[in-house]
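[1] Predicted coordinates and the sequence they were generated for:
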Amino acid sequence: MAKLNMVQAINLALETEMAKDESVIVLGEDVGRDEGVFRVTAGLLEKFGESRVIDTPLAESAIIGTSIGMALAGMKPVGEMQFSGFSYLMVHQLEGHASRFRGRSLGEWNVPLVIRMPYGGGVRALEHHSESREGLYSTIPGVKVVIPSTPRNARALLLAAIRDPDPVIFMEPKRSYRAFREEVPEEEEIMEIGKAQIVQEGSDITVIAWGAMMRPAIKAVDEIKEKLGKSVELIDLLTMNPMDGLTVAESVKKTGRCVIVQEAPKTMGIASEVIAQINDRALMYLEAPVKRLTNYDVMTPYFGREMNYVPGQENIYKAIEETLNY
Amino acid sequence: MPIKEVGHYSVSYLQILDASGNVDKELEPKISDEDLLALYRGMVMGRAVDQRMLNLQRQGRIGTFAPSTGQEAAHIVPAFLMNDKDWFVGAFRETGARLLRGETITQTLLYYNGFEEGNKRSGNRRILPVSIIVAGQALHAVGIGYAMKYQGEKDTSVICIMGDGATSEGDFHEALNFAGVWNVPVVFIVQNNQWAISLPREKQTSSKTLAQKSIAFDIPGIQVDGNDPLGMYVATKEALERARTGGGPTLIEAVTYRLMMHTTADDPKKYRQDDEVEGWQAKDPLIRFKKYLEDKGLWDEQKEEALQGATKEEIDAGVKAFEEFTELPPEACFDHVFAKMTPELEEQKQDFLKRKGS
């Protein structure tokens, strides 16, 4: 298999699953003829036709609301929010219905749907196009929130999301969509939702990141190894909720130190929950306070300034160094 | 350049059995005696369960619920016309319709006493649980309609019921819009009971009718006397036939009245006049329908007494079964967050059990 970028890898996952399972359909704004504003759904309309690749009218609540109905009636809809910044209009359908059908019927009904949405900054887009709100979605019981970081895990996680019997919010770091390529194996790969991945093993400190923050984190970790000769364990969280607190805690027990890198604002974010998980499971193993390197509690500035706020390789390097020296 | 007229629209009103129970012979539908009686029984049951629930609520034996007294024709007639393949997607003021679609009195009481067990039913009866959020369910109905069409199910439809307040919500408009574009087999029934809690119909929308909202989406719409069981029968039957034969969605505005409170937690005396309520009491769908059956020689006081007795017995049995459900395990909620329990939830469940000392 050739090297793919994340857009191609996600497209491959959609195509594979649609070819395999007729109940899988794709719907959203401009996903058909326009092939999605990021071309994620390229070629699908041609292959699967209008009844399976639906260009919907412009209405986010309806995209997920009708997906809920389809899912209740035996289909596997994969809805697209064109940008996560437009997804708030559908939150009531997600919280009020998608997340609750299983619980309100004690398991009699379930809503196996996936809502994909590009999120995060770094593509010089307009207002509302750059936020990272994974923390918001992760507060809803019954909803799984998944964030891939590379083409390979994007395909493997999306396949898992489509086959998952529960509603999954699949947030795609759009800054990473075309930033790099990766070998994606020919044979089908599935990654388990709810499991963090140890990207690289180490013994001196644990660094945790996800989504677009993985790339600068990897670079910073390499730099730490090179300059300080320290051994860093790097964890890609991959699923925000349900969070894999066990893997995180096991790593921190081993290293005694931890830095969390988050693109989203500081307060009530995923990093806060990671710290709470460490507190619950590994507090007595800590040799330094857990550091969270995050954006600030400000509205994401327009793109002229936005990257000043997002943690970068240099900030991550410093945070690791400080925590090592504590 | 002259101004051209590009559209001309009208809204029809249908009433077959007038407020005094006199039938318009020309419009009278052909319904078998057996069906007429079954329909009446369904409406009587809906009313009687409503009254009993009010008693139970006032005694503190169940929680808050939304009474449907006075609106029986608007939702029970459509439920009666559904077949086993049709889907029922309701709101929260259609208890009688749910009973007719196979829900039991016991389940209803369990639900309104705060137990999710009330939403469980054996087998797939194609009836979605109560939807408290206003208008959200309309989109589910459209999705189900799409799925039916996509999966090639023939002769299927979805009945989606809402109140007049729902027409102010974005989801209502999104649902009608999608339904029209997708041409899905959904019959939207708006029970216009004149009040959305304390907001009167005139302040809900400046539209003269709710039926005319269909015009914007180019789907058929009609206003029906929602307290006229025969009018509801004809309008719903036509809409169901259209849906089942590929003709797409319909919007029916059922003009009715909520004779009681919005929910048992609400006091309507704060916002509406008694004489308004009295005026609508005279248009009671059950009184009208009974008179119609009597005029046809199908009904008399003796039969009425027997039916009331049998209904009471059935409700008594349902209440008894409900009251026998005393020990419902509180930890059930942990088991149905996700299909498979996560380690975190398993820990939380154990903590919960420890906290409550079991």
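    Cool, the structure landed. Residues are numbered from 1 along each chain as shown, chains lettered A, B, ... in the order given.
[2] From here on, just use CA atoms for contacts and neighbour counts.
    Will do.
[3] How about the contacts made by the residue nearest in space to the middle of chain A?
    The residue lying closest to the centre of chain A (CA atoms, centre = their mean) is A:Ile147, at 1.2 Å. Listed by CA atoms under 8 Å, 6 or more residues apart in numbering or on different chains, the contact set of A:Ile147 reads A:154, A:170-173, A:210-211, A:238-240.
[4] Could you do A:His97 as well?
    Here A:His97 is in contact with A:Ile68 (CA under 8 Å, 6+ apart).
[5] go again using 10 Å as the cut-off
    Applying CA atoms under 10 Å, 6 or more residues apart in numbering or on different chains to A:His97 gives the contacts A:64-65, A:68, A:91, A:104, A:111, B:131-133, B:136-137, B:140.
[6] which among those residues gets closest to B:Asp266?
    Nearest to B:Asp266 out of the contacts of A:His97 is B:Ile132 (CA to CA; 15.6 Å).
[7] Retrieve the pLDDT associated with that closest one.
    Predicted confidence (pLDDT) for B:Ile132: 95.
[8] is it true that it touches A:Gly96?
    Yes. Look at B:Ile132 against A:Gly96 with CA atoms under 10 Å: they come within range, at 9.0 Å.
[9] on that earlier part again, looking at the residue nearest to the centre of chain A now. What's its pLDDT?
    For A:Ile147, pLDDT reads 98.
[10] And it, how close does it get to chain B?
    With distances taken as CA to the nearest CA, to the nearest Å, A:Ile147 is found 18 Å from chain B.
[11] Next one: that residue from B:Asp295, what distance?
    Separation of A:Ile147 from B:Asp295 (CA to CA, to the nearest Å) stands at 68 Å.
[12] likewise A:Met213?
    78 Å.
[13] higher neighbour count, those two?
    Using other CA atoms under 10 Å in any protein chain shown as the criterion, A:Met213 and B:Asp295 rank with A:Met213 on top: 24 against 14.
[14] quick revisit: Throw the contacts of A:Ile147 into CSV and include secondary structure, pLDDT and neighbour count, thanks.
    Formatted as CSV, those follow (DSSP: H, G, I helix; E, B strand; the rest coil; pLDDT from 0 to 100; neighbours: other CA atoms under 10 Å in any protein chain shown):
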residue, secondary structure, pLDDT, neighbour count
A:Ala154, helix, 98, 30
A:Phe170, strand, 98, 27
A:Met171, strand, 98, 25
A:Glu172, strand, 98, 26
A:Pro173, strand, 98, 24
A:Trp210, coil, 98, 26
A:Gly211, helix, 98, 25
A:Leu238, coil, 98, 26
A:Thr239, strand, 98, 24
A:Met240, strand, 98, 26
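[15] just checking: which of these also lie near chain B?
    Near chain B, judged by CA under 10 Å from any CA of the partner chain, there are no entries from those.
[16] closest to B:Val234 among the residues you listed?
    Looking across those and measuring by CA to CA, the closest to B:Val234 is A:Phe170, at 46.1 Å.
[17] Let me see the contact set for that closest one.
    A:78-80, A:114-119, A:134, A:144-148, A:154, A:157-158, A:161-162, A:239.
[18] at 6 Å what do you get?
    A:Phe170 makes contact with A:115-116, A:146, according to CA atoms under 6 Å, 6 or more residues apart in numbering or on different chains.
[19] Next one: it relative to A:Gly103, how far apart?
    Counting by CA to CA, the separation of A:Phe170 from A:Gly103 is 21 Å.
[20] Same question for B:Gln348.
    From B:Gln348 to A:Gly103 the distance is 16 Å (CA to CA).
[21] what residues does the stretch 151-300 of chain B put near chain A?
    Near chain A, the residues belonging to the stretch 151-300 of chain B are B:Glu174 when assessed by CA under 6 Å from any CA of the partner chain.
[22] try it again with 7 Å
    For the stretch 151-300 of chain B, the residues in contact with chain A (CA under 7 Å from any CA of the partner chain) are B:171, B:174-175.
[23] now those residues as a markdown table including pLDDT and neighbour count?
    Formatted as a markdown table, those follow (pLDDT from 0 to 100; neighbours: other CA atoms under 10 Å in any protein chain shown):
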| residue | pLDDT | neighbour count |
| --- | --- | --- |
| B:Asp171 | 98 | 24 |
| B:Glu174 | 98 | 26 |
| B:Ala175 | 98 | 29 |
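[24] Output these in TSV, with secondary structure appended to each entry.
    Output for these, formatted as TSV (DSSP: H, G, I helix; E, B strand; the rest coil):
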residue	secondary structure
B:Asp171	helix
B:Glu174	helix
B:Ala175	helix
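[25] so who does the nearest residue to A:Ile278 once chain neighbours are set aside touch?
    In this structure, A:Ile278 finds its nearest non-sequential neighbour in A:Ala249, 5.5 Å apart by CA to CA, 6 or more residues apart in numbering or on different chains. When contacts are counted by CA atoms under 7 Å, 6 or more residues apart in numbering or on different chains, A:Ala249 touches A:278, A:281-282.
[26] ok, and the most crowded of these?
    Of the contacts of A:Ala249, with other CA under 10 Å as the count, A:Ile278 tops at 24 neighbours.
[27] What values do phi and psi take at it?
    Backbone torsions of A:Ile278, given as degrees, to the nearest 10, read phi -70, psi -40.
[28] Quick check: the gap between it and A:Lys253.
    A:Ile278 sits 9 Å away from A:Lys253 when distances are taken as CA to CA.
[29] repeat for B:Tyr292
    The value you get for B:Tyr292 to A:Lys253, if CA to CA is used, is 79 Å.
[30] Check B:Glu117 too.
    Counting by CA to CA, the gap from B:Glu117 to A:Lys253 is 43 Å.
[31] More neighbours: those two, which one.
    Remark: of B:Glu117 and A:Lys253, A:Lys253 carries more neighbours, 22 against 16, as counted by other CA under 10 Å.
[32] pLDDT score assigned to the more buried one?
    98.
[33] May I see the buried residues of the helix or strand containing it?
    Under the criterion of DSSP states H and E, A:Lys253 resides in helix A:245-255. For helix A:245-255, burial by neighbour count (16 or more other CA atoms under 10 Å in any protein chain shown) applies to A:245-249, A:251-255.
[34] With stretch B:329-348 instead?
    Counting neighbours by 16+ other CA under 10 Å, stretch B:329-348 gives B:333-339, B:342, B:345 as buried.
[35] Over to stretch A:295-304?
    Going by neighbour count (16+ other CA under 10 Å), the buried part of stretch A:295-304 is A:295, A:300-303.
[36] Same question for stretch A:310-322.
    For stretch A:310-322, by 16+ other CA under 10 Å, it's A:310-313, A:315-317, A:319-321.
[37] so how far is it off the chain centroid?
    In this view, stretch A:310-322 has its centroid 21 Å away from the chain centroid, taken as CA atoms, centre = their mean, to the nearest Å.
[38] That stretch - what's its average pLDDT?
    Mean pLDDT, stretch A:310-322: 97.
[39] Backbone dihedrals for B:Trp299, please?
    The phi/psi pair for B:Trp299 (degrees, to the nearest 10) is phi -140, psi 150.
[40] pretty sure it is touching B:Lys291, no?
    No. Using CA atoms under 7 Å, B:Trp299 is not in contact with B:Lys291, being 8.4 Å away.
[41] burial of B:Asp84, as a residue count?
    Taking other CA under 10 Å as the criterion, the count of residues near B:Asp84 is 12.
[42] Doesn't it belong to a helix?
    No. According to three-state DSSP, B:Asp84 belongs to no helix; its state is coil.
[43] Return the per-residue confidence for it.
    With respect to pLDDT, B:Asp84 scores 91.
[44] and the buried residues of helix A:245-255, which two are the farthest apart?
    Counting by CA to CA, the most remote pair of those is A:Gly245 and A:Thr255, 15.3 Å apart.
[45] who wins for neighbours among the contacts of A:Phe170?
    For the contacts of A:Phe170, neighbours were counted using other CA under 10 Å, and A:Val146 has the most, 28 neighbours in all.
[46] Setting aside sequence neighbours, what's the nearest residue to A:Asp34?
    A:Ala42 (7.9 Å).
[47] Now do the contacts for A:Met240.
    A:138, A:145-146, A:270.
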